[in-house]
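Enquirer: Please work out how this folds:
(2 chains)
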Amino acid sequence: MTSLAAPLSIPDISGAVYTHDIPAERPWSRVLRQGQTLRIIDSEGQQAVDALLYCADDPAERYSAQDTLRVQGSAYVDLGTRLVSNRGRVMAHITADTCGRHDTSAGCCSCESNAVRFGEAAKYQHACRENFILELSKHGLTKRDVVANLNFFMNVPIEASGAFTVVDGISAPGNYVDVTADIDVLFVISNCPQINNPCNGFNPTPIRVLIWDPSKDVT
Amino acid sequence: MTTAQTKQEISEASRRRYEELRAAGQDVTPKGLPEATSLDGAPIAPDTIIGRERVPAGWYATVRLRRGEALRIVDDSGRSSVSLIGWREEDTSERINCADTVKVQWSAAISKGRVILSDMGRVLLSLVEDTSGAHDLLVGGSTPDSTLAAYGAISRNTHENFVSAAAKIGLGLRDIPPCVTFFAPVALDTKGRFLWNSGRKRPGDFVDLRAEMNLVLVLSNCAHPLDPARPAASKSITLIRHRAPPPAQDDPCRTTSPEIVRAFEFTDRLYA
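Expert: Residues are numbered from 1 along each chain as shown, chains lettered A, B, ... in the order given. Next up is the predicted model:
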């Protein structure tokens, strides 16, 4: 069962059971067990982090951006947002956020959409969907499984007119977001390689991930 | 080795180009979009009609469209919303992509003159006629949970319609992407909260969607989850499949912006 009553206290970094620096432009994945908290640190600031979640026991159940926004009743991801699956279950929720603005409507960059947006030469630039396809292939998943994703630290205001713009990220170096798992989830990240719009300040940089496990708390 | 100086120059050049694209996409393009179709406009010549179907409230239809054919969706009562997903017939790993649709057109609002894109940088559908301009790409269709929360019991819903329809063409839950919902006037306030603007729904509102590739579409006639009306208020819709006139050189949907011109170039290559 999912629970929203998980403690909101911010764990001490020293107790992390896992730490990893994801290089600029690279993907990453790991199973996050129920109750574990993943911290994503925007080490150098203004770096978009594309993310997908799959139910570890049945990956046909996966993160759904539209279900998440419908349940929340508003368009942006921030502290307290419940990340809802395509079967309506809460997979995880945001338990800390020092940035305050994340997107889940703009999707990920792909070679094909880059070619449309920025000209055919951009087709031959590395893109988040390449990262997702490669990382998902390690888990028996394919392009079919790439759905509308989360974009942590990405700033995409939507105006009343419908105007929809990726603008400069507001995350400062060291800003972080904590995601606590409500069920066992496969968490997949693409450290966004986009260089044609301001989502990475036109300069992709490394990020750091840490995991805390309350059941292994040494204190 | 790239020096810091050149790196900064490249990044500044990229920023200038992005600003130019944004200005073209948001400041210039909407002025070039055609006026909405009037409720009594755009009659379909009877000899171009291929088929017609009435879909009861709560139900779904699967429609195959060849490139160049069009589907008219009519909200006869002004009380329906119609959620749509679709795949390219020859390769169903290519499908509707709402995120690319809004990102490439710099707009979460689609109306006459806009297009719906696939995940492969190609155009699935063009909105060649549209009386409404009030369609949702952010919130999605109804689900078992949304109907339970709204009505106290699970009623027929778009998620289950999509699962059933997909199963009948050999697809499954993994193949169901986010949907676009027509006649669903979802707006945002300044804090990003969703609002339902019922004043923008009228009996007889319709859209004409021209297929730009060979497609399999699924349409679900279920109340949008933000619609405060009870499901009993929903009514049937009419679908009319017809042969659209071939696009002219200056077809409004094909010429909106440099991005859209490229998306059509990539689409046309499939059929060159």
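Enquirer: For the longest helix anywhere in chain A, which helices and strands make contact with it?
Expert: The residue-count maximum for a helix in chain A (DSSP state H) belongs to helix A:128-137. Helices and strands touching helix A:128-137, by 3 or more CB pairs under 8 Å, 6 or more residues apart in numbering or on different chains; DSSP states H and E, are strand A:27-32, strand A:49-55, strand A:185-191. Every C-beta, even on glycine, is put in place using the N, C-alpha and C of the backbone.
Enquirer: give me that answer again for 10 Å
Expert: Applying 3 or more CB pairs under 10 Å, 6 or more residues apart in numbering or on different chains; DSSP states H and E, we find helix A:128-137 packed against strand A:27-32, strand A:49-55, helix A:111-118, strand A:185-191.
Enquirer: partner residues bridging A:Arg208?
Expert: Following DSSP bridges, A:Arg208 is listed with bridge partners A:Asp21, A:Ile41.
Enquirer: how close does it sit to B:Phe206?
Expert: 52 Å (CB to CB, to the nearest Å).
Enquirer: likewise B:Trp59?
Expert: Applying CB to CB to B:Trp59 and B:Phe206 gives a distance of 19 Å.
Enquirer: between these two, which one's more packed in?
Expert: The residue with more neighbours, out of B:Trp59 and B:Phe206, is B:Phe206; 22 against 17, by other CB atoms under 10 Å in any protein chain shown.
Enquirer: was I right about that one contacting B:Gly78?
Expert: No - using CB atoms under 10 Å, B:Phe206 is not in contact with B:Gly78; the gap is 11.0 Å.
Enquirer: Need the overlap of contacts for those two.
Expert: B:Ser132, B:Phe183 (CB atoms under 10 Å, 6 or more residues apart in numbering or on different chains).
Enquirer: Phi and psi next, for residue 119.
Expert: Went with chain A since none was named. phi 100, psi 160 (degrees, to the nearest 10).
Enquirer: meant chain B, my bad for not saying
Expert: phi -80, psi 0.
Enquirer: ok so, going back, could you dump the helices and strands packed on helix A:128-137 to a markdown table with mean pLDDT?
Expert: What follows is the helices and strands packed on helix A:128-137, written out as a markdown table (pLDDT from 0 to 100):
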| stretch | mean pLDDT |
| --- | --- |
| strand A:27-32 | 98 |
| strand A:49-55 | 98 |
| helix A:111-118 | 96 |
| strand A:185-191 | 98 |
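Enquirer: Save these as a markdown table, and put in distance to A:Ile13 too.
Expert: Formatted as a markdown table, the helices and strands packed on helix A:128-137 follow (distance: least, CB to CB, whole Å):
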| stretch | distance to A:Ile13 |
| --- | --- |
| strand A:27-32 | 17 |
| strand A:49-55 | 18 |
| helix A:111-118 | 36 |
| strand A:185-191 | 19 |
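Enquirer: doesn't B:Val82 make contact with B:Thr158?
Expert: Yes - the criterion here is CB under 10 Å, and B:Thr158 meets it with B:Val82 at 9.3 Å.
Enquirer: Between the two, tell me which one has more neighbours.
Expert: B:Thr158 (30 against 27).
Enquirer: Check what pLDDT that one gets.
Expert: Listed pLDDT for B:Thr158 reads 98.
Enquirer: Contacts only, for the closest residue to it other than its chain neighbours.
Expert: Distances taken as CB to CB, 6 or more residues apart in numbering or on different chains place B:Gly141 nearest to B:Thr158, at 2.8 Å, with adjacent residues excluded. Residues in contact with B:Gly141, defined by CB under 10 Å, 6+ apart, are A:66-67, A:70, B:81-85, B:157-162, B:178-181, B:184, B:220, B:222-225.
Enquirer: how does it look with 8 Å?
Expert: Contact analysis of B:Gly141 by CB atoms under 8 Å, 6 or more residues apart in numbering or on different chains lists A:Gln66, B:Ser83, B:Asn157, B:Thr158, B:His159, B:Phe162, B:Cys179, B:Thr181, B:Ser220, B:Cys222, B:His224, B:Pro225.
Enquirer: give me phi/psi at it?
Expert: phi -90, psi -180.
Enquirer: can you pull the pLDDT of it?
Expert: pLDDT at B:Gly141 comes out at 97.
Enquirer: do the same with B:Ile10
Expert: So B:Ile10 comes in at 81 (pLDDT).
Enquirer: got it, and A:Ile10?
Expert: 52.
Enquirer: how far away is B:Thr190 from chain A?
Expert: According to CB to the nearest CB, to the nearest Å, B:Thr190 and chain A sit 7 Å apart.
Enquirer: any idea which element the closest residue to A:Glu112 other than its chain neighbours lies in?
Expert: Nearest residue to A:Glu112 in three dimensions, chain neighbours excluded: B:Gly121, at 3.3 Å (CB to CB, 6+ apart). B:Gly121 belongs to no helix or strand when assigned by DSSP states H and E.
Enquirer: Equivalent analysis for B:Val102, please.
Expert: helix B:98-104.
Enquirer: on that earlier part again, quick check: neighbours shared by B:Thr158 and B:Val82?
Expert: B:Thr181, B:Ser220.
Enquirer: Show me where chain A dips below the pLDDT cut-off.
Expert: Counting by pLDDT under 70, chain A contains low-confidence ranges at A:1-12, A:217-219.
Enquirer: Spatially central residue for it, please.
Expert: A:Ala51 (2.9 Å; CA atoms, centre = their mean).
Enquirer: which residues touch that one?
Expert: Taking CB under 8 Å, 6+ apart, one finds A:Ile40, A:Tyr63, A:Asn149, A:Leu150, A:Asn151, A:Phe152, A:Phe187, A:Val188, A:Ile189, A:Ser190 in contact with A:Ala51.
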